[in-house]
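In: Kindly generate the corresponding structure for this input.
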Amino acid sequence: MRTYKTPGVYVEEISTLPPSVVPVSTAIPAFIGYTERSPSALEVRRISSMTEYRALFGGAFSETLTAEVTKSAPADEFFNVTKLPTAPAKPTYWLYYQLLMYFANGGGPCYIVSVGTYAIKSPFIDVKTLKNGLDALKKEDEPTLILTPDLNGVSVPADYYGHYKITLDQCADLKDRFTLIDVHSGAEGDAVIKGFRENIGTNNLNYGAAYYPWLESTLGYGYDESKIKTTVIIGTTPPVTDVMLKYDTSDLSVLAEPLATTPPVDKKTYYESRSLYHLDNGAYARIKAIIDSFRVTLPPSGAMAGIYTRTDNSRGVFKAPANVSVNSVVRPTVKISNEQQENLNVHPSGKSINVIRSFSDKGILVWGARTLDGNSNEWRYIPVRRLFLFLEESISKAIENFVFEPNTQSTWVSVKGTIENFLTDQWQAGALAGTSTQQAFFVNVGLGVTMTAQDILEGRLIVDVGVAAVRPAEFIILRFSHKLQEA
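Out: Next up, the predicted model:
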């Protein structure tokens with residue numbers, strides 16, 4: 001109590017309410033991968049839009065594409081397109097496209113961990129470098145979802161899943177994040193699913209969820225028209241290979257000085273003589289139309305991260321991110337029936353795989369909400385696991401205010417009231433089951449209740465918290481029977 005020495009009237013404000021718990025964010029993903037440019041090595045940056053991403057990290061990797069045009073004689077006016085570009089089998093780098101899918105499906109603020117800039121020579125993806133990005137992310141507190149899009153450029157399944165096992169370990173160690181896993185290659189066949197279950201391990205499975213199959217997106221490949229090589233053949237002359245699809249000569253300052261030519265030509269003339277757009281606009285338009293028709297096939301994790309965010313924002317972390325549509329997708333690459341999904345959703349190993357399916361009149365839906373720990377009654381469902389992560393972190397941060405407070409009855413009452421008020425709010429929001437708060441949760445603390453005299457001597461304040469988490473109605477069973485006619 002304050003000591004008073006001068007006579008007079010003094011006002012004191014007495015706090016009667018416990019401090020409140022501020023709910024932490026639940027769907028803040030972190031994307032680990034390669035970028036066109038990077039502010040600094042392994043720097044973790046928070047962004048809120050693709051515009052902000054492009055300003056900091058650039059755009060998509062320019063895929064290597066080639067075409068060929070010919071004309072029988074120099075006097076001919078137009079070229080014939082004799083070899084069209086072929087679509088890349090897969091992207092060289094994946095992060096940019098997965099971010100597009102994330103924002104298209106409801107994504108918001110997220111973190112980018114750039115492990116390096118694009119290389120033009122193989123190997124493009126290095127697992128050890130991605131691991132460095134994961135280590136850098138460990139120091140950030142806000143991210144709650146982890147994605148490693150460029151891991152899909154790793155061809156060896158053991159290396160691919162080895163990184164995911166390390167990611168699951170980090171999630172379990174920090175207890176504030178969850179990881180989304182793509183089945184390697186996403187191809188159809190039992191071997192792909194078997195390879196996933198054999199390589200993903202058995203540790204910390206409740207901290208991750210897997211999705212299958214890959215998705216044919218509406219996204220086009222990134223490319224730079226000034227880097228698309230067009231071989232030009234005129235009559236019987238040797239092919240000219242330094243003609244590109246298009247040089248933009250509206251700003252000559254961005255173009256390098258040309259090599260010495262005979263006879264000498266100015267920069268504008270030089271580049272227009274090596275630009276199919278300027279040589280034959282019709283041939284250019286045909287080749288460009290083909291390139292623009294290519295569609296990128298992607299693993300589902302980027303879209304799923306957006307769906308997690310959308311569901312959390314509209315309903316809450318306790319709502320399963322399932323039975324919702326996937327945007328910017330033409331079709332799943334593998335069509336899965338009810339019978340085929342049985343072995344994916346429920347398996348003796350417990351390693352459930354959530355399926356994305358196409359339904360008549362309903363579109364493309366996420367049709368699964370299980371963690372990899374499908375045999376666990378506690379952590380079988382994604383919303384249950386993520387709800388506990390949310391509750392644990394939110395309460396832990398609030399209770400830090402009581403560290404080094406006297407370990408007495410008054411502190412225990414404040415701690416209990418803080419937690420109970422927060423859990424009451426969650427129950428009213430629909431996150432906890434029960435018709436009353438007594439059915440929804442309990443908070444116990446006190447000497448002889450959760451602590452012994454020895455605990456207090458050793459500075460331990462122990463609180464027991466139990467919550468009745470709501471669980472998704474995964475199987476809705478309608479039972480019909482005949483009702484006999486009554487007189």
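In: where exactly do the helices run in the stretch 201-350 of the chain?
Out: Secondary structure of the stretch 201-350 of the chain (DSSP state H, counting those that start in this stretch): helices at 267-272, 276-279, 281-293, 301-314, 338-345.
In: Which one, of these, ends up nearest to residue 27?
Out: Closest of the helices of the stretch 201-350 of the chain to residue 27 is helix 301-314, at 4.0 Å (criterion: Cβ to Cβ). Bear in mind the C-beta positions are built from the backbone N, C-alpha and C, glycine included.
In: Please export the C-alpha coordinates of that closest one as PDB.
Out: What follows is helix 301-314, C-alpha atoms only, in PDB (Å, rounded to 0.1, in the frame of the first residue of the first chain):
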ATOM      1  CA  SER A 301      -1.300 -27.300 -50.100                       C
ATOM      2  CA  GLY A 302      -1.300 -23.700 -51.400                       C
ATOM      3  CA  ALA A 303      -5.100 -23.700 -52.000                       C
ATOM      4  CA  MET A 304      -5.700 -25.500 -48.700                       C
ATOM      5  CA  ALA A 305      -3.800 -22.900 -46.800                       C
ATOM      6  CA  GLY A 306      -6.200 -20.300 -48.300                       C
ATOM      7  CA  ILE A 307      -9.100 -22.500 -47.300                       C
ATOM      8  CA  TYR A 308      -7.900 -22.800 -43.700                       C
ATOM      9  CA  THR A 309      -7.700 -19.000 -43.500                       C
ATOM     10  CA  ARG A 310     -11.100 -18.500 -45.100                       C
ATOM     11  CA  THR A 311     -12.700 -21.000 -42.800                       C
ATOM     12  CA  ASP A 312     -11.000 -19.700 -39.700                       C
ATOM     13  CA  ASN A 313     -12.100 -16.100 -40.500                       C
ATOM     14  CA  SER A 314     -15.700 -17.000 -41.400                       C
END
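In: For residue 139, list the residues it contacts.
Out: Taking Cβ atoms under 8 Å, 6 or more residues apart in numbering, we find residue 139 in contact with residue 44.
In: Can you read off the backbone torsions of the residue nearest to residue 170 when sequence neighbours are not counted?
Out: Nearest residue to residue 170 in three dimensions, chain neighbours excluded: residue 138, at 6.0 Å (Cβ to Cβ, 6 or more residues apart in numbering). With angles defined as degrees, to the nearest 10, residue 138 sits at phi -60, psi -30.
In: does residue 138 really touch residue 174, like I thought?
Out: Yes - under the criterion of Cβ atoms under 8 Å, residue 138 makes contact with residue 174 at 7.0 Å.
In: Number of residues surrounding residue 130?
Out: Other residues within reach of residue 130, judged by other Cβ atoms under 10 Å, total 26.
In: can I assume it sits in a strand?
Out: No - secondary structure assignment places residue 130 outside any strand; it is helix (DSSP: H, G, I helix; E, B strand; the rest coil).
In: could you measure it against residue 108, distance?
Out: Counting by Cβ to Cβ, to the nearest Å, the gap from residue 130 to residue 108 is 24 Å.
In: Thank you, goodbye.
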